[in-house]
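K.L.:
Here's a sequence, model it:
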Amino acid sequence: MPESFRPRDVNATQVWGIRHDEMDVQYVAGLRLVPHGGEITMTKQIAAMRALVAWTIPVCALAACSDAPTITLTPAEDWTAEAEYEFGDQLEGDALFGRIVSVRPAADGSRVYVLDAGASEVMIWTPDGTLISRVGRPGEGPGEFSVPRSLAVFEDRFRVGDNRRYTTFALDGEVVETEAFPPPGSGIVSFAGYYGFSMFDDGSIVAVPPSPDWMWDGSEPDQESANLPVLRISQDGGSWGRDTVGVLSFRNVFSSFSVSGTPNTIMQPWVPPDDLAMDPRNGSVVFNRPVPQHPGMLELIEVSTAGDTIWSRRVQLPPIPLTAEDIRSEVYLEATRRFGDSIPSPMDRRSIRSAYIIPEFWPANRRIELMSNGEIWFQPAGQENPGVWYAVLKGEGGPIRRLVLPERFAPMDVNATHVWGIRRDELDVQYVAGLRLVRS
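P.N.:
Got it, this is the predicted structure:
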């Protein structure tokens, strides 16, 4: 093998690892294993292509490797969105929002529920912007919220989670039940630092525990141990217990480096960790895993709260090359953030670059959003158009959706006909917007 290459893993046809160049910059490299006089030779895997016009493309379309495999893209239907509903006000009125954290339409489209964390309330609207009622206020009493952070709408109720409890309301806003959070007797004093948590209908809670020290102090563990458990906290026979639903891999996500003898830890911009989304409506958790050996591919896995796999699918998108300008821009921004100089020194930039793992291609995506209609939405990393989203329907294996949305619109939930979310104007004022989904 090449002297500068360090193998990390092997499959049936390739060995994958890290290659270092003359400046000790790291690159993720895949070498094809080829019997040839006792030597192993390298075959380039992917061509530098941004515009892909066919669903099946040669892997080496621009390279001399005609025997290389092809990439078959997941079939996608093109959709757009047309503005239909919007309400909000810059200065006064019922639609003056503070900090919207969730917008959830009813399944039949008759109501829209908006959680405003700035006002600690849920506002119930008709789609055309008529206010029906307001629920909640800051406080710790029944129907009050202490830093609300999540909203889930079911067929006959909705639930709000804050830092101390979950409160369930009837659809008209009447308080039904308040449950302490963390539950008394669960052995957890506080969920401070936990993230991604959600309460399910059986009373169990699924959450990711606080980040361990090795993420931030440079004490890198063995990469096989660089995982965070996803915990289910449930009650059985009067006692509380914890089970592991799954794990999130942070392999190669954090690296340590030194500047003038001072140790630093950096998060890799092109090596994303696993991600997850809770589905309290169906009692499951969806994991999003990158597939590094296949550029442009991601893997989606749905598991029950008991840890059993319900559904999985791999999605192949067009690989997006990582350009020299992408690298320079990220290095410059990170050096500016880290060292505080308006013009980072060449030494600072070299330190940052040498700590990066630089692949040939952007990861397929970074995070997922789970929508009420059963779709998993995500944006490709590195894309030139920030309005492009993909949607994969859980439990299905057919074509996915490729959607083009307005650039200043952030989708938050989807029903059968509309995508709802936040639109921001040039002054960064928030508006609740509903866009009709149209097949191109």
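
K.L.:
When you work out contacts or count neighbours from here on, use the C-alpha atoms and nothing else.
P.N.:
Fine.

K.L.:
need the helix or strand of the protein with the lowest average pLDDT.
P.N.:
Ranking every helix and strand in the chain by mean pLDDT, DSSP states H and E puts strand 56-58 at the bottom, with a mean of 45.

K.L.:
Give the next helix or strand downstream of that strand.
P.N.:
Once strand 56-58 ends, the next helix or strand along the chain (criterion: DSSP states H and E) is strand 70-72.

K.L.:
helices or strands next to the helix or strand that comes right after that following strand in the packing?
P.N.:
Per DSSP H and E, the first helix or strand lying C-terminal to strand 70-72 is strand 76-87. Taking 3 or more CA pairs under 8 Å, 6 or more residues apart in numbering; DSSP states H and E as contact, the helices and strands that strand 76-87 lies on are strand 400-404, strand 430-439.

K.L.:
Looking at those strands, which is nearest to residue 132?
P.N.:
Closest of these to residue 132 is strand 430-439, at 15.1 Å (criterion: CA to CA).

K.L.:
and the closest one, average pLDDT?
P.N.:
For strand 430-439, mean pLDDT rounds to 96.

K.L.:
quick check: angle from it to strand 400-404?
P.N.:
130 degrees (axes from the mean of the first three to the mean of the last three CA atoms, to 10 degrees).

K.L.:
by contact count, what packs against strand 430-439?
P.N.:
Judged by 3+ CA pairs under 8 Å, 6+ apart, strand 430-439 is in contact with strand 76-87, strand 418-424.

K.L.:
re the thing from before, and the helices and strands packed on strand 76-87 as TSV, adding distance to residue 321?
P.N.:
Listed next are the helices and strands packed on strand 76-87 as TSV, based on distance: least, CA to CA, whole Å:
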stretch	distance to residue 321
strand 400-404	20
strand 430-439	29
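
K.L.:
Save these as a markdown table, and put in distance to residue 316 and mean neighbour count too.
P.N.:
Formatted as a markdown table, those follow (distance: least, CA to CA, whole Å; neighbours: other CA atoms under 10 Å):
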| stretch | distance to residue 316 | mean neighbour count |
| --- | --- | --- |
| strand 400-404 | 10 | 20 |
| strand 430-439 | 21 | 20 |
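
K.L.:
out of these, nearest to residue 343?
P.N.:
Counting by CA to CA, residue 343 lies closest to strand 430-439 out of the helices and strands packed on strand 76-87; the figure is 33.5 Å.

K.L.:
tell me the angle that closest one makes with strand 418-424.
P.N.:
Using the same axes, to 10 degrees: strand 430-439 against strand 418-424 is 140 degrees.

K.L.:
who's in contact with strand 430-439?
P.N.:
The set of residues external to strand 430-439 that reach it, using CA atoms under 8 Å, 6 or more residues apart in numbering, is 77-89, 97, 100, 103, 127, 417-424.

K.L.:
what's in contact with stretch 110-126?
P.N.:
For stretch 110-126, contacts defined as CA under 8 Å, 6+ apart pick out 97-106, 127, 131-138, 144-151.

K.L.:
Give me the buried subset of the contacts of strand 430-439.
P.N.:
Buried members of the contacts of strand 430-439, scored by 16 or more other CA atoms under 10 Å, are 79-81, 85-88, 97, 100, 103, 127, 417-423.
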